[in-house]
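A.B. asks: Quick one: sequence plus predicted model below, questions after.
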Amino acid sequence: MQDMEAFFEDFGQQVRLRADGTRNFTRAAMAEVACEWLENEGEIEEFIPAHFDVPRMRVDGYGYSEKDDAVDLFVVDCSSETSLTTLTLTDVRQEFKRVKNLFVKAVTSDLYEKLEESSPVYGLAWSLRQKASTFGRLRLFLVSNRLLSSRVDTLENETIGSWQVSFHVWDLQRLARLQDTQPESIVINFERDFSRPLPCLPAHLESGDYQSFLVVVPGGMLAELYGEYGSRLLELNVRTFLQLRGAVNKGIRNTIQNEPHMFFAYNNGITATAEKVTTTVINGVVHIDEVTNLQIVNGGQTTASLYHARRGKVDLSGVFVQMKLSVVKSELSASVAPRIAEYANTQNKVSAADFFSNHAFHVRMEGISRRIWAPAVDGSQRQSKWFYERARGQYAEAQSSMRKAQQNIWRKEFPREQVFTKTDIAKFDNVWDGYPVEVNRGAQKNFAHYAQRISESWEKDDTLFNDRYFKRAVARAIAFRTTETLVSRQSWYQGGYRANIVAYAQALLGLKIAQAGFVPDWDAIWTRQALSQAFQEALIACAEVVNDFIIETPDTIRNVTEWCKKKLCWDGIQQLDMQFSKDLLNELVKLSEERNRSREAQEQRNIDNGIEAQNEVIRRGSAFWKLLDNFCRERKLGISSKERGCLEMAISIPARIPTDRQSISVLELLDRMKKEGFQADHQAN
């Protein structure tokens with residue numbers, strides 16, 4: 001856990017950077033920073049800024065989560081103190097009371113008619129009036145840069161009309177925990193929560209270091225757990241890739257409604273992991289008392305279907321679900337859990353189930369980011385690097401063991417403003433690659449779309465993802481963040497919808513440049529670490545016409561943000577006429593030249609791949625490759641004569657050294673044998 005004083009300082013710096021870059025008020029900037037974290041980690045599905053503050057009513061943003069069946073409303077407590085202060089229970093209750101008042105007013109009256117149509121809160125009030133009744137849950141979030149009083153233990157759920165209301169306080173300590181390498185724990189105590197432990201059948205050897213249980217879970221219990229924790233129960237890979245699928249499986253729903261007694265027979269059940277399971281023996285039968293960090297890695301649709309059936313008043317008393325529960329220690333979860341998810345998801349295959357922090361794409365981007373220096377700019381003699389954070393909390397973790405003087409030096413090498421994450425790169429690439437609708441649909445849905453297309457490209461040719469690709473990603477980051485700043489400074493910008501304008505302005509500019517037979521000179525932007533004046537002017541022009549277009553919503557959709565999620569919106573924007581200056585045209589790159597540059601970068605990546613493969617084979621050593629050879633022979637797994645020769649070369653290290661091509665062949669064999677059950681990675685050194 002990070003030191004609170006240090007985190008308070010770092011969080012404040014991030015908020016100030018956001019406020020300065022976007023000309024936002026500090027409270028609005030804090031809402032965006034904190035809620036981006038919540039969105040990136042799957043705690044919420046989306047955050048849409050909508051600031052409204054009058055006596056007895058207040059809100060700072062909202063969102064909808066179809067998979068969690070929830071309306072989310074956010075309010076921010078932003079202390080201006082320069083040191084840590086306490087958030088009291090009285091403060092919490094006052095803030096939640098005001099946001100509850102707004103919700104009730106919006107859903108029970110025509111509040112939106114009293115608001116300015118161009119304001120984001122108008123869209124919120126209109127949407128609540130129109131669609132809040134389609135959701136069963138209201139989640140209220142209070143984000144604060146203070147520390148919640150130790151006297152505040154739990155906030156009991158409430159009911160407003162037909163909505164179940166839950167309260168979520170994200171104080172400074174909880175935000176810090178969100179940035180730690182380990183997520184906040186989910187602890188389910190069956191005796192406490194359901195008045196009875198859960199019978200199970202152990203499916204492991206007592207002497208082994210692995211535990212697994214077969215469990216029959218009552219459908220009502222599983223639905224109740226999903227109602228309490230929502231998509232936090234779904235392992236993040238599954239949670240994100242569920243965004244790519246359609247509605248709840250009709251077959252599951254029909255069985256629940258029409259043949260509940262056959263559900264156990266028809267349904268494949270669910271696969272889950274946990275970091276810890278506590279058991280007891282009652283009358284000779286093993287029962288599960290408590291589970292820590294339960295994660296469903298396969299069966300998300302089954303779980304959600306049960307929840308929605310329960311909400312629809314369907315009797316689940318006769319529904320039972322089989323569950324395979326594996327205990328995965330926290331230190332192994334990063335490598336083991338994705339494999340369980342991948343192998344378990346065979347019926348509805350999760351494409352690239354491990355396309356997250358441990359995927360080779362992210363590992364490569366991380367490695368490049370630690371190696372490549374960005375050019376010095378503005379006369380500075382000091383170069384710096386862009387820090388790619390492939391896993392939660394890496395930036396903070398890298399500094400945690402440093403002394404103050406070391407931290408200062410390290411931060412000059414990796415400035416806070418030059419940090420970007422995997423969800424950031426998904427935004428940067430998707431807007432310029434022509435997918436702004438996905439960006440407007442939120443971080444998780446956007447990342448799911450990005451992950452699918454990038455993982456497919458990786459499988460075809462990983463040399464596409466090279467040093468130049470990383471530099472282009474940084475150049476696009478510069479373009480994205482510069483556009484945010486430029487939009488905020490325009491006289492026509494009245495606040496609200498900046499995220500929508502920024503995404504569509506860049507996409508529109510990229511489209512028109514491509515239609516003219518060019519691409520932006522990303523190499524030049526990397527070299528300058530800035531956009532040219534002509535490029536900035538073109539972005540401003542695109543942003544203004546986009547703003548004019550999106551605020552004129554169709555009569556059936558008065559919420560601008562909802563309108564921006566529609567393909568029809570992007571179709572209309574693509575028809576807008578744009579003229580570019582000669583200065584901009586002169587700095588663009590012809591498509592033929594871009595292809596030549598890309599080809600050269602791929603050729604270099606091919607060389608790098610060979611060098612990296614050779615280093616990896618040598619690092620693992622002869623003993624490791626002998627283990628792999630024994631595994632293949634014992635199981636009589638067929639390998640080609642070429643592979644056999646390469647493997648024998650690796651076994652002979654250091655007497656003989658395999659070539660780069662031989663090394664690549666051996667590593668490909670290793671990957672294939674892992675799928676056959678080879679698990680000797682822990683003996684690699």
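C.D. replies: Now that the structure is in, tell me what you want to look at. Numbers count the residues shown, from 1 in each chain.
A.B. asks: these two touch, right, K445 and V439?
C.D. replies: No: between K445 and V439 there is no contact under Cβ atoms under 8 Å: 9.1 Å. For glycine as for every other residue, the C-beta is placed from the backbone atoms N, C-alpha and C.
A.B. asks: hang on, F535 in a strand?
C.D. replies: No: secondary structure assignment (DSSP: H, G, I helix; E, B strand; the rest coil) places F535 in helix, not in a strand.
A.B. asks: per-residue pLDDT, it?
C.D. replies: Note for F535: predicted pLDDT of 97.
A.B. asks: what about it, neighbour count?
C.D. replies: For F535, the neighbour count with other Cβ atoms under 10 Å is 24.
A.B. asks: quick one, what contacts it?
C.D. replies: By Cβ atoms under 8 Å, 6 or more residues apart in numbering, the residues touching F535 are A479, P520, I525, L584, E587.
A.B. asks: Over to V314. Which of the three states is it?
C.D. replies: V314 is classified as coil under three-state DSSP.
A.B. asks: Same check on Q494?
C.D. replies: coil.
A.B. asks: now it, nearest residue through space, not along the chain?
C.D. replies: In space, Q494 comes closest to S118 once its chain neighbours are excluded; the distance is 6.2 Å by Cβ to Cβ, 6 or more residues apart in numbering.
A.B. asks: quick one: the one you found from T553, how far?
C.D. replies: S118 is 11 Å from T553, where distance means Cβ to Cβ, to the nearest Å.
A.B. asks: which of these two has more neighbours?
C.D. replies: Set S118 next to T553 and count neighbours by other Cβ under 10 Å: T553 wins out with 20 against 13.
A.B. asks: Might you report the residue contacts of that one?
C.D. replies: T553 makes contact with N559, V560, W563, according to Cβ under 8 Å, 6+ apart.
A.B. asks: Do I have it right that the second one meets I550?
C.D. replies: Yes: counting by Cβ under 8 Å, V560 touches I550, with 5.6 Å between them.
A.B. asks: can you list residues touching both of those two?
C.D. replies: Y497, N500.
A.B. asks: more neighbours, those two?
C.D. replies: Taking neighbours as other Cβ under 10 Å, V560 and I550 compare with V560 leading, 24 against 20.
A.B. asks: How about the contacts made by the nearest residue to I525 once chain neighbours are set aside?
C.D. replies: Once flanking residues are discounted, I525 sits nearest to A475: 3.9 Å by Cβ to Cβ, 6+ apart. Shown in contact with A475 (Cβ under 8 Å, 6+ apart): P520, W522, D523, I525, W526.
A.B. asks: again, 7 Å this time
C.D. replies: Contacts here follow Cβ atoms under 7 Å, 6 or more residues apart in numbering; on that basis A475 touches W522, I525, W526.
A.B. asks: Buried only: go through the contacts of F535 for me.
C.D. replies: Buried by 16 or more other Cβ atoms under 10 Å: A479, P520, I525, L584, out of these.
A.B. asks: Dump those to CSV, plus distance to I186.
C.D. replies: Shown next, in CSV, are the buried ones among the contacts of F535 (distance: Cβ to Cβ, whole Å):
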residue, distance to I186
A479, 39
P520, 44
I525, 43
L584, 51
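A.B. asks: Closest one to D10 out of the residues you listed, please.
C.D. replies: A479 (25.8 Å; Cβ to Cβ).
A.B. asks: Hmm, S532 and that closest one touching each other?
C.D. replies: No: using Cβ atoms under 7 Å, A479 makes no contact with S532, being 10.9 Å away.
A.B. asks: ok, back up a step: sticking with the residue nearest to Q494, tell me its helix or strand.
C.D. replies: Using DSSP states H and E, S118 sits within no helix or strand.
A.B. asks: per-residue pLDDT, it?
C.D. replies: Here, the pLDDT recorded for S118 equals 82.
A.B. asks: what about it, distance to T90?
C.D. replies: Look at S118 and T90: by Cβ to Cβ, they are 36 Å apart.
A.B. asks: ditto for A34
C.D. replies: Separation of A34 from T90 (Cβ to Cβ): 22 Å.
A.B. asks: Between those two, tell me which one has more neighbours.
C.D. replies: A34 (25 against 10).
A.B. asks: nearest spatial neighbour of the more buried one, skipping sequence neighbours?
C.D. replies: Counting by Cβ to Cβ, 6+ apart, A34 lies nearest to V143, which is 4.6 Å off, once chain neighbours are set aside.
A.B. asks: and Q602, what is it in contact with?
C.D. replies: Neighbours of Q602 in contact, by Cβ under 7 Å, 6+ apart: T463, L464, N466.
A.B. asks: and A396, how many residues sit next to it?
C.D. replies: Quick note: A396 (other Cβ under 10 Å) scores 18 neighbours.
A.B. asks: ok, it touching Q179?
C.D. replies: Yes: with contact defined as Cβ under 7 Å, A396 counts as touching Q179 (5.8 Å).
A.B. asks: Now do the shared contacts for those two.
C.D. replies: Overlap of the contact sets of A396 and Q179 (by Cβ under 7 Å, 6+ apart) is empty.
A.B. asks: No further queries at this time; thank you.
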